[in-house]
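Pasted the sequence and its predicted model underneath.
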2 protein chains.
Amino acid sequence: MVAIAWGMAVAPSRGPRRELSHEKIVEAGIEIADRDGLAAVTMQRVAESLGFTTMALYRYVSTKHELLDLMRDAAIAVPPRKKLPQPWREALRAWCQVMRECYRAHPWVLAIPRRQEVLLMPNAVALVDLGLQAMAELALDEEQKMAAVLTLSTYVGAMVGLERELAVEPDAEYTAEAFAALGEVITPERFPALRSMLLAGEYIGGPPSPEQGLDTELEFGLERILDGLERLDRELRGSS
Amino acid sequence: MVAIAWGMAVAPSRGPRRELSHEKIVEAGIEIADRDGLAAVTMQRVAESLGFTTMALYRYVSTKHELLDLMRDAAIAVPPRKKLPQPWREALRAWCQVMRECYRAHPWVLAIPRRQEVLLMPNAVALVDLGLQAMAELALDEEQKMAAVLTLSTYVGAMVGLERELAVEPDAEYTAEAFAALGEVITPERFPALRSMLLAGEYIGGPPSPEQGLDTELEFGLERILDGLERLDRELRGSS
DNA sequence: ACACTCAGCGTATGACCTACACAGATGAGG
DNA sequence: CCTCATCTGTGTAGGTCATACGCTGAGTGT
């Protein structure tokens, strides 16, 4: 499966000529997911959008989940030879921006459960590499850099994921009246810290978020993490 | 649905006595999810584990997803009157620890797609409140505190979620040999930063992770975020 | 030329969620 | 105390999915 993603799958030479290809199938799947969401990606629908029967797909893909994995990796492709700005802080911001754009363009990616192999697929690897490049000038050791890459990518993915999940439909129960009604159960003694904020409408996904997603919040967390990395970098330099 | 979670659902007084209850159903669902994973939670199986027919559940829950939402909120209950240590940094660490334990005890929680309403359910609210309590002494304003709560909870959830996803089964393709084979496609010019680390086995989920999950990495990111908050706090105090 | 291999198709099976109608229980109002 | 609207749990049935299996015919290495 990793082999397929790297384009190393060996096409058999014996039988009839293949009319489909991994690329076509993956592309069709992505198109459907982009338009109608991951739930609409059904073996049937992918096949018929290509003009084939459902079972034809199984000559190329051993399981639906394998198709999804391939779709993910294809969807998170980084623009090749992407140049990162300087200094490292700007580079990491740009890197996070790349991921954010990927996820915003293909939000369904974040709903696909991950297995270990996906970490070895080409675009996942490329993304990690780019993150490491961004941190080239930092004084962290390799293990720390890898942990930082993981932290940032996980964080960005999770925030965009949350944003999309919450945005699926403005919920009928998530209104000002509902907030007010909750004022009765959200008593000061049970929820000392939260009560005032909730009544003021200051709550997750409340204003100003509805329009702009969780952009402000994502930005906030991102800057904290970068600050944290900066401090670590300084400490490591200082002690050497 | 939010009403059900808050125990404010009005039981009708007209018909036959109810033999089931939301609590029993949710509990049965949790038990199955804990034992066999979220995929095993099927209306049929929940019902039969209680000795009823599938359709009986729909008198209490309008949709399977509603049951899952209720299960989540029930599963993330914080020990009541949980005391947080001092100072704020220790408090936030403890808060994250609480979440981590929740997610480790009920990993399936992280696989349930979230809708806006879930943010209004009692234990979700309690968790936010606890996070805010932990930050009481910080100089951040309310919006910043809320963003910090969101950042930390999202981050911890995502890391534990990733950990569980990757741990489902040690993948057959994720071995030392596979790494070596990838050495051929992971060329220095395409992946300048990564190559040496990959060959040294220093990669996400590689050693020392297999045994201990992503604990080290989670800890790393957490400390960076806390450092970032500390810096922001200092800046806000300094400029006042 | 032959035999083996493989592509795409049709059919079938077994989960699963959930809509709908039914029979009996139960309590509110006269 | 009677009556009837209301609600409970049940049985059935329909629709959607993933995918196993066997078939036909195409193309290739020997």
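All right, it came through fine.

Could you pull up the residues touching A:Val168?
B:Arg115 (Cβ atoms under 8 Å, 6 or more residues apart in numbering or on different chains). Every residue, glycine included, has its C-beta placed from N, CA and C.

Can you pull the phi/psi pair for it?
Per-residue torsions, A:Val168: phi -50, psi -50 (degrees, to the nearest 10).

List the contacts of A:Arg164.
A:103, A:107, A:110.

Which ones among those residues map onto helices?
A:Tyr103 (DSSP state H).

Grab the nearest non-local neighbour of the residue minimising distance to the centre of chain A.
What sits nearest the mean C-alpha location of chain A, by Cα atoms, centre = their mean, is A:Gly157, with 3.8 Å. Closest residue to A:Gly157 apart from its sequence neighbours, by Cβ to Cβ, 6 or more residues apart in numbering or on different chains: A:Leu110 at 5.8 Å.

Equivalent analysis for A:Ala40, please.
Take A:Ala40 and drop its neighbours on the chain: the residue closest to it by Cβ to Cβ, 6+ apart is A:Ile32, 5.5 Å away.

if we can go back for a sec, the inter-axis angle of the helix or strand hosting the residue nearest to the centre of chain A versus helix B:142-167?
If you go by DSSP states H and E, A:Gly157 is part of helix A:142-167. Computed with axes from the mean of the first three to the mean of the last three Cα atoms, to 10 degrees, the direction of helix A:142-167 lies at 110 degrees from that of helix B:142-167.

Quick check: next helix or strand after helix A:142-167?
Moving toward the C-terminus from helix A:142-167, the first helix or strand encountered (DSSP H and E) is helix A:176-182.

How far does that next one sit from its chain's centre?
Its chain's C-alpha centre and that of helix A:176-182 lie 32 Å apart, by Cα atoms, centre = their mean, to the nearest Å.

which residues sit against it?
A:198-199, A:201, A:203, B:2, B:120, B:125.

and the very next helix or strand once past that helix, anywhere near chain B?
Counting by DSSP H and E, the next helix or strand C-terminal to helix A:176-182 is helix A:195-199. Yes: against chain B, helix A:195-199 shows contacts by Cβ under 8 Å from any Cβ of the partner chain at A:196-198.

Looking at those, which is nearest chain B?
Chain B lies nearest to A:Met197 out of these, by Cβ to the nearest Cβ, at 5.3 Å.

Check whether A:Ala158 really touches B:Gly157, as I assumed.
Yes: A:Ala158 is within contact range of B:Gly157, at 6.8 Å (criterion: Cβ atoms under 8 Å).

lowest-confidence helix or strand of chain A?
Among the helical and strand segments of chain A, the one scoring lowest on mean pLDDT, DSSP states H and E is helix A:209-212, with a mean of 67.

Only the buried residues of the very next helix or strand once past it, if you could.
Next in sequence after helix A:209-212, counting helices and strands by DSSP H and E, comes helix A:215-238. Of the residues in helix A:215-238, A:216-218, A:220-222, A:224-233 count as buried by neighbour count, 16 or more other Cβ atoms under 10 Å in any protein chain shown.

which other helices and strands contact helix A:215-238?
Packing partners of helix A:215-238 (3 or more Cβ pairs under 8 Å, 6 or more residues apart in numbering or on different chains; DSSP states H and E): helix A:88-105, helix A:142-167, helix B:142-167, helix B:215-238.

Out of the ones you listed, which gets nearest to A:Arg115?
Smallest distance to A:Arg115 across the helices and strands packed on helix A:215-238 (Cβ to Cβ): 7.0 Å, for helix B:142-167.

now that closest one: how far from the chain's centre is it?
Chain-centre distance of helix B:142-167: 7 Å, with Cα atoms, centre = their mean.

any idea of the angle that helix forms with helix A:215-238?
Going by the same axes, to 10 degrees, helix B:142-167 is angled at 80 degrees with respect to helix A:215-238.

Report how many residues lie close to A:Asp36.
Using other Cβ atoms under 10 Å in any protein chain shown, A:Asp36 has 12 neighbouring residues.

what sits against it?
Per Cβ under 8 Å, 6+ apart, neighbours of A:Asp36: none.

same check, this time on A:Ile32
A:40-41, A:45-46, A:49.

By neighbours, which of those wins?
If you rank the contacts of A:Ile32 by neighbour count (other Cβ under 10 Å), A:Val46 sits at the top with 27 neighbours.

tell me the pLDDT at that one?
For A:Val46, the pLDDT comes out at 98.

Please enumerate residues in contact with the helix or strand harbouring it?
Under the criterion of DSSP H and E, A:Val46 resides in helix A:43-50. Under the criterion Cβ under 8 Å, 6+ apart, residues A:20, A:24-25, A:28-29, A:31-32, A:53-57, A:64, A:67 lie in contact with helix A:43-50.
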